[in-house]
Structure formats: C-alpha cells, structure tokens
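Q: return atomic coordinates for the entry below.
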Amino acid sequence: MWLLGAEDVKANAGRLDPQVDHLWAQIMHLRYRRAGCHARAWSEAELTTHEIISLSFVCHSETLINVELIRSSLPWPDDLPTALARLRDLKWIEEAKGGWQGMTGGREARATIEARTNALDGRPYMTLSRDGRVVFLEAMSGLPGED
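A: Numbers count the residues shown, from 1 in each chain. The predicted structure is shown next:
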C-alpha cells in the first residue's frame, strides 16, 4: 500500500482536501506506532541491528543473498561476520555456495516477531467494533495506491 511520508504531506499541505490531510496525519501516527511496536518486538528477541538486517534480507529472499548486499545496507559493516555467525549458530540461516539462505528456524523467528508486532500494535484497533473495523478497512482499501 502506498503511503505518504512526512515530506510528501508538507509539500502538499493546502493542496489536498482538508479531510485527506487529516486522514494522512492520523495514518502517520499509526505508522509510527507500528514502527515502535516492531522495534520492541525485535528488542524482545534480543537481536542486534546487524542480525535484524541480515535475517530480514536472507529470510525475505527466494535466492541466495550475497554478503556484499547485506554489508552495503549496514551502518557499520565490520560487525557483519559476528552477526552472521550468531544467526548461523541459532540455525536461522546457513551459508551455501557463496551466499546465505534462510532456514526454517529463521523464517519461524521472523513470523514470531511479526506476530508479536501485531499483538503490540493491535490496541488502537481494538477500540473499534467489528463493524467499525470493517468500515475502516473498506475506507482504507479505497485509497489510491499499489495492489
């Protein structure tokens, strides 16, 4: 789903329908809340930044991931070998033919972290009745964006 970032909202301030401006402001709050919940779920899993980035790259790919691709995404790439070794020791990833691939344990760990994120993030939506959630989802699905 396509979402406006803060810079997009500022650049278009006054050009959009006031109700749309208000909607985007509210959606951004939900988006940042979800990001905070996701960070908490990762933290509870006791993973470092390098382990999170590496696990995400490897488990979201259907092909082998080259170390250089992961290294180029890290703020301080010198710690990458330690992160990969720990994920390998956890049996979440494995090295194969010059790259890294996800293992069942890694994909399950990612799924657990996503489920925890959803559980933490669900509170704002629990205030809506079942019918209210349906109306909300129908309204969201009518917004412009990518399928």
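
Q: make it CA atoms for all contacts and neighbour counts henceforth
A: Fine.

Q: so what's residue 98 up against?
A: residue 66 (C-alpha atoms under 8 Å, 6 or more residues apart in numbering).

Q: all numbers from here: first residue = 58
A: With 58 as the first residue, the last one maps to residue 155.

Q: which strand or helix spans residue 164?
A: helix 161-178 (DSSP states H and E).

Q: show me the contact partners of that helix.
A: With contacts defined as C-alpha under 8 Å, 6+ apart, helix 161-178 is touched by 90-91, 94-95, 97-99, 102, 112-113, 116, 147-150.

Q: show me where the protein has helices.
A: Using DSSP state H, the helices of the chain run over residues 63-68, 75-101, 106-116, 124-128, 137-146, 161-178, 180-183, 187-198.

Q: out of the ones you listed, which gets nearest to residue 154?
A: Nearest to residue 154, of all the helices of the chain, is helix 124-128, at 11.7 Å by C-alpha to C-alpha.

Q: and the closest one, what does it pack against?
A: Here helix 124-128 touches helix 106-116, going by 3 or more C-alpha pairs under 8 Å, 6 or more residues apart in numbering; DSSP states H and E.

Q: which helices and strands does the helix it packs on pack with?
A: On a contact count with 3+ C-alpha pairs under 8 Å, 6+ apart, helix 106-116 meets helix 124-128, helix 137-146, strand 156-159, helix 161-178.

Q: one more time with 10 Å
A: Under the contact criterion of 3 or more C-alpha pairs under 10 Å, 6 or more residues apart in numbering; DSSP states H and E, helix 106-116 touches helix 75-101, helix 124-128, helix 137-146, strand 150-153, strand 156-159, helix 161-178.

Q: quick one on the thing from earlier: ranking the helices of the chain by burial, who's on top?
A: Ranked by average neighbour count under the criterion mean count of other C-alpha atoms under 10 Å, these are headed by helix 106-116 at a mean of 21.
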